[in-house]
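Asker: Sequence plus predicted model, see below.
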Amino acid sequence: MAGPLDGVRVVDLTTMVSGPLGAMILADQGADVIKVETPAGGDHSRHVATRRGGFSASFLNNNRNKRSVALDLKHADGLAALKRLIAGADVALQNFRPGVVERLDLTQEALRHRTTAEWIETIEANDVPCAPVLTRRQMIRHPQVAGTGIVAETEHPQAGRLRQARPPARFSGTPTEHRRGGPRLGGHTREVLAEAGYSVDEIEAMIASGAAATDETAQP
């Protein structure tokens, strides 16, 4: 039986773990995922430890249900072939380092792919629940996030103003509180050892000998 993404073609330019995993999720749902790799060794994850039959576990666990094409994108003909593949695809995924997409002229504007709004309209027309992928700034400002108070802003004595997720478990009778930010290394050594019964002289002796350290003596 065909999956819900049967008929959707994806060009997968990602490497390592997170990108290939995302593309594999689409492949598992029936999409035709074409993994484009460099002829000089392919995806880096092909060469990590724990290999069986010439394949690494990491590569196998993130690349099932895909087809592989080896193209040298530094060669004009290889790049042209990639652009032709993308022109016939519905989705193109990449996790290149910053600047590579622009250098290869693979931006959305250059390739004329569907916008997020167009994709959502198409998917919702088929009664498939979906939502756009938001940037960090968009997520923080989303009405649902603001309304539920999921993100809290606090002041850290060294790191400054922070935005962090509130604790997921919250109870009306015993509300959580932000008592302190992440501590400096050894920032509470004297306090905690004193609570354990050590005298001031004993604590200072431990610090002097290197058995304990404070935020002034510990190596950051």
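Answerer: Perfect, I can see it now.

Asker: Could you use CA atoms for every contact and neighbour count after this?
Answerer: OK.

Asker: pLDDT-wise, which helix or strand of the protein ranks last?
Answerer: The helix or strand of the chain with the poorest confidence is helix 108-111; it has a mean of 68 (mean pLDDT, DSSP states H and E).

Asker: What's the first helix or strand after that one?
Answerer: Using DSSP states H and E, the helix or strand that follows helix 108-111 in sequence is helix 116-124.

Asker: Tell me the buried residues in that next one?
Answerer: By neighbour count on 16 or more other C-alpha atoms under 10 Å, the buried set for helix 116-124 is Trp119, Ile120.

Asker: Could you list the buried residues of whatever helix or strand comes next after it?
Answerer: Later in the chain than helix 116-124, the nearest helix or strand by DSSP H and E is helix 136-140. Neighbour-count burial for helix 136-140 flags Ile140 (criterion: 16+ other C-alpha under 10 Å).

Asker: Show me the contact partners of helix 136-140.
Answerer: For helix 136-140, contacts defined as C-alpha atoms under 8 Å, 6 or more residues apart in numbering pick out Val145, Ala146, Val151.

Asker: Just the helices from the chain, written as ranges.
Answerer: Using DSSP state H, the helices of the chain run over 18-28, 57-62, 76-87, 100-103, 108-111, 116-124, 136-140, 143-148, 189-195, 200-209.

Asker: Could you identify which of those helices has the lowest mean pLDDT?
Answerer: Lowest mean pLDDT within those: helix 108-111, a mean of 68.

Asker: re earlier: would you list the contacts of helix 136-140 in TSV and tack on neighbour count and distance to Arg184?
Answerer: Output for those, formatted as TSV (neighbours: other C-alpha atoms under 10 Å; distance: C-alpha to C-alpha, whole Å):
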residue	neighbour count	distance to Arg184
Val145	13	30
Ala146	13	30
Val151	18	23
